[in-house]
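I would like the atomic coordinates for the input below:
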Amino acid sequence: MARAWLLTGRGIARKIKSGGGGGGSGGLQIKEDGGAESDRECPNCKQLIDNSDVVPSDWPGFPAGVKFDPSDVELLEHLAARIGLGDSKPHALIDEFIPMLEDDAGICYTHPQNLPGAEKDGSNAHFFHRISSAYAKGPRKRRRISRCGSSEEPAVRWHKTGRTKRVLDNAGVQKGWKKIMVLHESSKGVVKPDRAKWVMHQYHIGTGEDESEGQLVISKVFYQRVQSTAQSEEKSKTLIESVPQMEYAINSQVNGSDARGFSDLDEILVDTPPDFQLADLQFGSQENSMSWLEQY
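Numbers count the residues shown, from 1 in each chain. Down below sits the predicted model:
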């Protein structure tokens, strides 16, 4: 029978082959890491999986340096495929790059530093999640993050900054909306919360700027790194040292061979125009002037 693909919950596929005989050691077998063959059955249909014709070296994975960094439009395309909008279908491995957060609190179930794949190295982590309301009644969305420990932990919440922006493709067609949020932390007894370095870009599809209860959205979370004082001073020093070199380059271009064909502008003599005497000017009558014009 024809081969098929078995997709696990995380989207990784293993090759399987249908065959008769059901279970048992005499059925199909799987070969792991090029070693001895072993039996493995599908957790859904109990069919034994056959991977004996796949050499591990044939699946090298991605080379070093490859990263998942889609644009705003591409993220909305993944979201549209996830919710089944139109004829689009989600990529078979999309769950490996954009996992689904199943918690009822959505992305607010934990601090962003605890989200899977979120790092403080400036890289982006992407998530599918659903919007939940802050209260039983009212349109206000949940932005407050659940506390994982005691009540002495600082109160943490996402705070929307700026206006909700339309996301347009290259043809000017609107694909969805984008919200920018910044994490705020407020300790007990502190009136004004502190702005943290965690940032979230949230995207949704629809005609309205606001999401609805239970709506599926996609978010990009990253840690906004700030240059240290030493790095800033070194950058300023480099910029100051480069100013004389820039002036020299400009002077070289003006005074050198690039100055419109002149090898050196300093050799050009600029002087005042010569004086003229009124007696040297010759005047003619109007009749002579008209006769001269008639010749042409």
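
got the confidence number for Ala136?
The model reports Ala136 with a pLDDT of 83.

change the start of the numbering to 46 and stick with it
All right, first residue 46 from here; so that's Ala181.

so it sits in a helix?
No. According to DSSP: H, G, I helix; E, B strand; the rest coil, Ala181 belongs to no helix; its state is coil.

and it, how many neighbours?
5 (other CB atoms under 10 Å). C-betas here are computed from N, CA, C, even on glycine.

just want the phi and psi numbers for it.
Main-chain dihedrals, Ala181, degrees, to the nearest 10: phi -60, psi -30.

could you check how far it is from Asp148?
18 Å (CB to CB, to the nearest Å).

what do you get for Thr209?
Distance from Thr209 to Asp148, by CB to CB: 24 Å.

kindly report the same for Pro157.
14 Å.

mind checking which of those two has more residues around it?
Taking neighbours as other CB under 10 Å, Pro157 and Asp148 compare with Pro157 leading, 22 against 13.

now that one. Nearest residue, chain neighbours left out?
Closest residue in space to Pro157, ignoring its immediate chain neighbours: Trp243 at 4.6 Å, by CB to CB, 6 or more residues apart in numbering.

kindly confirm my reading that that neighbour is in a strand.
Yes. According to three-state DSSP, Trp243 belongs to a strand.

if I pick it, what's in contact with it?
Listed by CB atoms under 8 Å, 6 or more residues apart in numbering, the contact set of Trp243 reads 157-158, 227-228, 266-269.

what do you get for Arg185?
Here Arg185 is in contact with 178-179 (CB under 8 Å, 6+ apart).

how far away is it from Asp255?
Note on Arg185: its distance to Asp255, by CB to CB, is 10 Å.

how about Leu93?
51 Å.

and those two? Which one has more around it.
Leu93 (22 against 13).

pull out the buried residues from stretch 252-269.
Going by neighbour count (16 or more other CB atoms under 10 Å), the buried part of stretch 252-269 is 256, 261-268.

which parts of the stretch 146-295 of the chain are helices?
Taking DSSP state H, counting those that start in this stretch as the criterion, the stretch 146-295 of the chain contains helices spanning 274-300.

where are the low-confidence patches of it?
Scanning the stretch 146-295 of the chain for pLDDT under 70 picks out the ranges 193-198, 233-236, 272-278, 280-281, 283-295.

and Glu122, that's in a helix?
Yes. Using three-state DSSP, the assignment for Glu122 is a helix.

could you measure from it over to Met245?
Taking CB to CB, one finds Glu122 at 20 Å from Met245.

now Arg270, nearest residue through space, not along the chain?
Using CB to CB, 6+ apart, the nearest residue to Arg270 is Gly167, at 4.9 Å.

got the contact list for the one you found?
Gly167 sits in contact with 267-270, where contact means CB under 8 Å, 6+ apart.

which among those gets closest to Arg192?
Closest approach to Arg192 among the contacts of Gly167 (CB to CB): Tyr268, at 20.4 Å.

what number of residues lie near Phe173?
Phe173 has 22 nearby residues by other CB under 10 Å.

quick one: it and Arg127 touch, right?
Yes. With contact defined as CB atoms under 8 Å, Phe173 reaches Arg127; the gap is 6.1 Å.

shared neighbours of those two, anything?
261, 263.

where's Tyr268 relative to Pro157, distance?
8 Å.

between the two, which contacts overlap?
163, 243.

show me what contacts Asp117?
212, 220, 223, 246, 248.

how near is the residue nearest to Arg270 to Lys242?
10 Å.

kindly report the same for Gly106.
The value you get for Gly106 to Lys242, if CB to CB is used, is 31 Å.

which of these two has more residues huddled nearby?
Neighbour count, other CB under 10 Å: between Gly106 and Lys242, Lys242 has more, with 12 against 6.
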